[in-house]
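>>> Sequence and predicted structure are below.
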Amino acid sequence: MNLFSFFILLKYRILACDWKALTILKGINSANSQFFCLWCYCQKSQICDFSIPSWDIKRSSKDQAHELRNGSRRGYIKSDLLPFIDYKNIVPDDLHLRIRISLKLFNQIVTWAIDQKNEERLEVEMKRIGVSFHFWEEQGDDKSNASVKKWSQPSGDDLKFIITKTQLRNIIDDRQDRHLVNVASLSVVQLRDELRNMGLDCKGKKAELVSRLEQTLGRGVKVRAKARSRLQVNFQFHDCDDDKDNRPTLDVDGLQELWIEFDDLMEALRALPQTEKYMESNEFHLKAKAWASKFRKLTFDEDVTPYIHTMVYHVPYFLKRFGFIHDIGVSQVERKNYDHRQAYFGSTNRSGGKVKKKVSLQILQRENRMLYIAREKLLREKRSYKKVSHVIPYSQWIDRISN
């Protein structure tokens, strides 16, 4: 928490940090639980329903104590460590909101690129916009020794650059059905469900489950998800040459618009009131709800995360209350943590060398020097450089040998 947030906390008892820390401090279950939300009692089965007008903040320390005593819980698992901070004073952090949703959008494109065998096009596009990205394969830990494809995860700064600069047309193409995926793309839970429904053995690692399912259905057969709730996703197997004309398409241009609209929403949270990019709470709520509905239409219900629910239903409340929530977040602390991590690898001896000095002391001393230079507006003088030749003339070399 930054210094500005700390002073607000002292006066108004406001809390802002990342989702995991909030669940620990407030004694609430994790984001993948049935009652996932930190502010309301929305359930997992309702997370994709954006036709609901609003989800008001209903959680309170009093209700939490009552639920824990009666055993009904509704997402509460432990006592509140900060009962003096009301749930209406827990402000969503816009930095983590941007990073988590951006990462979801980016990983969707990566998986579609892999499915279309466009990995090289993706790497070329990332290189074009100046983002370090690459694929690699690791050996699995199962008996079949199947290789697993993995890819680098961009940083927060890179994600912002990717969302604003990437041309998706350079990576993926429109496809007959965005719901068609390889059997290997299913999760372990989905694979086990399908094997269980077919009366087959559902035990083993993922590679074994994929092999067992492909032996039953045949290699090259793809699966299509039915449009049902995110908790009851079933798959029907068929030849992918059937029913081509009736399939929905993977709309690349629509995905590009989705990325642009998401960046506009995130920039609105950083904009000061009465500026061009700023949005009032009602406008932000309507645009966020429209964006989330479009996200469902273009992608999958399974990819709707608690952060999207928070952006649609709870961020507008705090925008209306405070007008500007960026300075209440933790972006300043995260930036300092990033700078210190960079300094550890680039500006310290990491506890090595002849002079043993604590790494933390080296980082703080470096920061003090930079602050002093910035305050005094000092300019570093370029030191003179004299090239020294290390080539020994032939005559001197003969003299050294003879002596």
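Arrived safely. The structure displayed is predicted, hence computed values, not measured ones.
>>> show me where pLDDT drops low in this structure?
1-12, 140-146, 176-182, 185, 218-249, 351-355, 388-391, 403 (pLDDT under 70).
>>> per-domain residue ranges of it.
If you go by automatic domain parsing, the domain ranges for the chain are 17-90, 331-376.
>>> Check the separation of the first and last residues in the shortest one.
Read it as domain 331-376. Domain 331-376 stretches 26 Å from its first residue to its last (C-alpha to C-alpha, to the nearest Å).
>>> Now do the buried residues in stretch 289-299.
Neighbour-count burial for stretch 289-299, counted by 16 or more other C-beta atoms under 10 Å, picks out 289, 291-292, 294-296, 298-299. The C-beta positions use only the backbone N, C-alpha and C, and glycine is treated the same way.
>>> who's in contact with the closest residue to Lys320 other than its chain neighbours?
Distance criterion C-beta to C-beta, 6 or more residues apart in numbering; nearest residue to Lys320, sequence neighbours excluded, is Ser281 at 3.6 Å. Shown in contact with Ser281 (C-beta atoms under 8 Å, 6 or more residues apart in numbering): 316-317, 319-320.
>>> Please apply the same query to Pro306.
So Pro306 contacts 19, 31, 36-37, 47 (C-beta under 8 Å, 6+ apart).
>>> Please identify which pair of the residues you listed lies farthest apart.
The distance between the two most remote of the contacts of Pro306 (C-beta to C-beta) is 14.4 Å, for Trp19 and Ile47.
>>> where along the stretch 101-250 of the chain do the strands fall?
135-139, 147-151, 180-182, 222-225, 235-238 (DSSP state E, counting those that start in this stretch).
>>> hmm, back to that, reformat the domains of the chain as a markdown table; add distance to Trp397.
What follows is the domains of the chain, written out as a markdown table (distance: least, C-beta to C-beta, whole Å):
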| stretch | distance to Trp397 |
| --- | --- |
| domain 17-90 | 65 |
| domain 331-376 | 33 |
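>>> export those domains to a markdown table and tack on mean neighbour count?
Formatted as a markdown table, the domains of the chain follow (neighbours: other C-beta atoms under 10 Å):
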| stretch | mean neighbour count |
| --- | --- |
| domain 17-90 | 16 |
| domain 331-376 | 12 |
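>>> out of those, nearest to Val148?
Closest among those, once you apply C-beta to C-beta, is domain 17-90, at 22.1 Å.
>>> can you give me the helices for the stretch 51-200 of the chain?
Ranges of helices in the stretch 51-200 of the chain, per DSSP state H, counting those that start in this stretch, are 61-70, 94-115, 119-128, 156-165, 188-197.
>>> send the alpha carbons of the fourth one over as PDB?
Looking back up the chat, that one is helix 156-165. Extracted in PDB, the C-alpha atoms of helix 156-165 (Å, rounded to 0.1, in the frame of the first residue of the first chain):
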ATOM      1  CA  GLY A 156       2.600  -5.700 -16.700                       C
ATOM      2  CA  ASP A 157       4.300  -3.000 -18.900                       C
ATOM      3  CA  ASP A 158       4.500  -5.400 -21.800                       C
ATOM      4  CA  LEU A 159       0.800  -6.400 -21.400                       C
ATOM      5  CA  LYS A 160      -0.300  -2.800 -21.800                       C
ATOM      6  CA  PHE A 161       1.900  -2.500 -24.900                       C
ATOM      7  CA  ILE A 162       0.500  -5.700 -26.300                       C
ATOM      8  CA  ILE A 163      -3.100  -4.700 -25.800                       C
ATOM      9  CA  THR A 164      -2.600  -1.300 -27.500                       C
ATOM     10  CA  LYS A 165      -0.100  -2.200 -30.300                       C
END
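>>> Show me what that helix is packed against.
In terms of contacts (3 or more C-beta pairs under 8 Å, 6 or more residues apart in numbering; DSSP states H and E), helix 156-165 is packed against helix 94-115, helix 252-270.
>>> Out of those helices, flag the one nearest Glu214.
helix 94-115 (16.0 Å).
>>> residues in contact with the residue nearest the centre of the chain?
Geometric centre of the chain, nearest residue: Arg100, 2.7 Å, by C-alpha atoms, centre = their mean. The contact partners of Arg100, taken as C-beta under 8 Å, 6+ apart, are 305, 307.
>>> With adjacent residues omitted, what lies nearest to Gly329?
Asp93 (4.2 Å).
>>> so which of the helices and strands packed on helix 156-165 is the most packed in?
Of all the helices and strands packed on helix 156-165, helix 94-115 has the most neighbours on average by mean count of other C-beta atoms under 10 Å, namely a mean of 20.
>>> got the angle between that one and strand 147-151?
140 degrees (axes from the mean of the first three to the mean of the last three C-alpha atoms, to 10 degrees).
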